[in-house]
Structures are given as C-alpha cells and as structure tokens.
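Novice: following is a predicted model, sequence given first.
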Amino acid sequence: MTQTVLSPSRPGRRQLSYGQLGRLGLICPPTNTVNEAEWAQLMPAGVTFHSHRMKLHSDTTSAEGLAGLHADLDAAIAMLKVADVDVVAYACTAGSMISPARALPDALTARNGIATVTTAAAIVSALKALGVTKISVATPYHDALNDHEVHFLADHGIEVLSIAGLGLGAKGPVEFPLIAQTPLDMVAAHARATFVEGSQALLLSCTDFPTLPLIPVLEAELGVPVISSNTATLHGALAAAGLEGLAIAGAGRLLGGANV
C-alpha cells in the first residue's frame, strides 16, 4: 500500500536503518495471526512495529481477573520497552473492553512510564474522531460477548443500531483460532448483512478478524466510514507516538489523512 510520510525523523533515530520516525510496540493474544499481518501492510515508511504475545484474559470484571491482566500487561510492556518503542498497543478488543475506556491504558501508562493504548479505547477514540455516535457492528463473537460490547460502547455515548456475530467462542477458547480462518468473502457478506440504515459507521470488531482488504470496498458501497479493531488500534498508536500527520492509503477514512 502507498503511504505518505509527513513527519520528520525523530532526533536520535537518524542513524538507524529502520524506525527513524517511530517504533510501535504491539501486544497480541497468543492465537492472533491477523493483527501483525494487517499492520505489516499498513506501516508507514519510517515506522516499525515490534510484537510480543500474552495470554488471553477472559475475566476483566473481577478484582482478581483485573489484577492478573494488569500484571501480565506490565510484564509484556517491560519486554517491549527495551526495544526503545515509543508506544505500546494492547491489541485485544474483548480483553480491553473495560469501562471507562481510558482506565486501563491510563493506568498502564502511568505505572510503566510509556504511552500505552488499548484496542477498546482506540475504537472509542476513532469513532469520536469521525464524529460518529450511531453504528453497526459486525463481529466473529458469540452473543454474550456481543452484548458486552454493546454495553461498553453505550457507556461511551455510542449507540449500536445493529450487531451480529458468527458465534465463535461460544464453545470456549478452542474456537478462537477459527476467527482468523474466516474467509474474506464470508466476512464481507456478514458485514453487509449486519449494516443497517441510520448507522454513521460500520465497526468490524476483533483484532484477529481478517478485514483490511474489505474496508475501502465497504466504504464505497455503504457510504460511511468503516473501521476495524486493527485500523483503530493503529490510529491510536500513531497518535500516542506523535505521528498524527501520517496518511495511509487503502485503510479507509480513519487513516486516510482527513480524520487523523
């Protein structure tokens, strides 16, 4: 994909062969194989990303579950900090849907001394950047997780007019690898069937859901912005790294420049 670079090299990075503008740290769930593949296609010239895997946390409501999530994130962030990254992104939609959205990334940033973003908070920020308050949401998830996402978005002033999932995860973690195996034509059909009139945007939720080639196509068909968990997370990470001036073609309106 073609990228337009608008920012100068960062001081102290000019001697490097890669990452002169910035380095992004990426924390992925263990079975996720899509996020890195899509970010690899989207990285602007002069920006690199460096990934680390962390076990998936399904319990983000109990005190014990939250403590475990924070501890594992601290350990993963510590591993990425030594790579001199400018920001760390926790790229898990379901695992970061904690209200208020800024609570998790703000706590991680303060405690670890490095800017940290989460996918759920980045989705909220992206929708606000686009001026969107009513959306349709297509996910690979089962109904219980979809219900959680509806309530999370409502907590942040975003009304979900339509949401549908593919039911994956209803039988437990054994189904999680199936998300990345969803054919693109199935994702496209699912997205089209989920979208309803009155929606100001379409959200394709889950960082392991393959969606990137579909975003420009669906935007042209539906006439509204289409964002994915991966484009929203990248948008948030670039902003946190001070790289808002980078425009990335082929990833929809959110990363096209006008709304960055």
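Specialist: Done, it's in.
Novice: from here on, just use CA atoms for contacts and neighbour counts.
Specialist: Noted.
Novice: separation between T60 and E149?
Specialist: 13 Å (CA to CA, to the nearest Å).
Novice: with neighbour numbers in mind, choose between those two.
Specialist: More neighbours surround E149 than the other of T60 and E149, with 23 against 18 (other CA atoms under 10 Å).
Novice: nearest residue to that one other than its sequence neighbours?
Specialist: M97 (7.1 Å; CA to CA, 6 or more residues apart in numbering).
Novice: tell me, how many residues neighbour that neighbour?
Specialist: 23.
Novice: list the contacts for it?
Specialist: A120, A121, E149, F152 (CA atoms under 8 Å, 6 or more residues apart in numbering).
Novice: quick one, phi psi at the last one?
Specialist: In terms of degrees, to the nearest 10, the main-chain angles of F152 are phi -60, psi -50.
Novice: hang on, the earlier thing: neighbour-wise, which of the contacts of M97 leads?
Specialist: A120 (31 neighbours).
Novice: who does the helix or strand encompassing that residue touch, helix- and strand-wise?
Specialist: According to DSSP states H and E, A120 maps onto helix 119-129. Helix 119-129 sits against helix 229-240, with contacts defined as 3 or more CA pairs under 8 Å, 6 or more residues apart in numbering; DSSP states H and E.
Novice: re earlier: which of the contacts of M97 sit farthest apart?
Specialist: Between any two of those, the greatest separation by CA to CA is 12.0 Å, found for A121 and E149.
Novice: tell me what the very next helix or strand once past the helix holding A120 is packed against?
Specialist: The first helix or strand that comes after helix 119-129 along the chain, using DSSP H and E, is strand 134-138. Under the contact criterion of 3+ CA pairs under 8 Å, 6+ apart, strand 134-138 touches strand 159-164, helix 184-194, strand 201-204.
Novice: could these be laid out in a markdown table, adding distance to G236?
Specialist: Formatted as a markdown table, the helices and strands packed on strand 134-138 follow (distance: least, CA to CA, whole Å):
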| stretch | distance to G236 |
| --- | --- |
| strand 159-164 | 21 |
| helix 184-194 | 23 |
| strand 201-204 | 15 |
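Novice: possible to save the ones you listed as JSON lines with mean neighbour count?
Specialist: Compiled in JSON lines, the helices and strands packed on strand 134-138 are given as follows (neighbours: other CA atoms under 10 Å):
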{"stretch": "strand 159-164", "mean neighbour count": "19"}
{"stretch": "helix 184-194", "mean neighbour count": "16"}
{"stretch": "strand 201-204", "mean neighbour count": "26"}
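Novice: need those in TSV with mean pLDDT and distance to L127, can you?
Specialist: What follows is these, written out as TSV (pLDDT from 0 to 100; distance: least, CA to CA, whole Å):
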stretch	mean pLDDT	distance to L127
strand 159-164	98	11
helix 184-194	98	18
strand 201-204	98	8
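Novice: who wins for proximity to G242 among the ones you listed?
Specialist: strand 201-204 (24.7 Å).
Novice: so what secondary structure elements neighbour that closest one?
Specialist: By 3+ CA pairs under 8 Å, 6+ apart, strand 201-204 packs against strand 134-138, strand 226-228.
Novice: what about the helix holding A120, average pLDDT?
Specialist: Per-region confidence: helix 119-129 scores 97 on mean pLDDT.
Novice: let's have the chain start at 323 instead
Specialist: Okay, residue one is now 323; in that scheme the one you just asked about reads as helix 441-451.
Novice: what's it in contact with?
Specialist: 411-416, 418-420, 423-424, 427, 455, 475, 478, 551-552, 554-555, 557-558, 576, 581-582.
Novice: for ChimeraX, write the select line for the buried members of the residues you listed.
Specialist: To isolate the buried ones among these in ChimeraX, judged by 16 or more other CA atoms under 10 Å, type:
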select :411,412,413,414,415,416,418,419,420,423,424,427,455,475,478,551,552,554,555,557,558,576,582
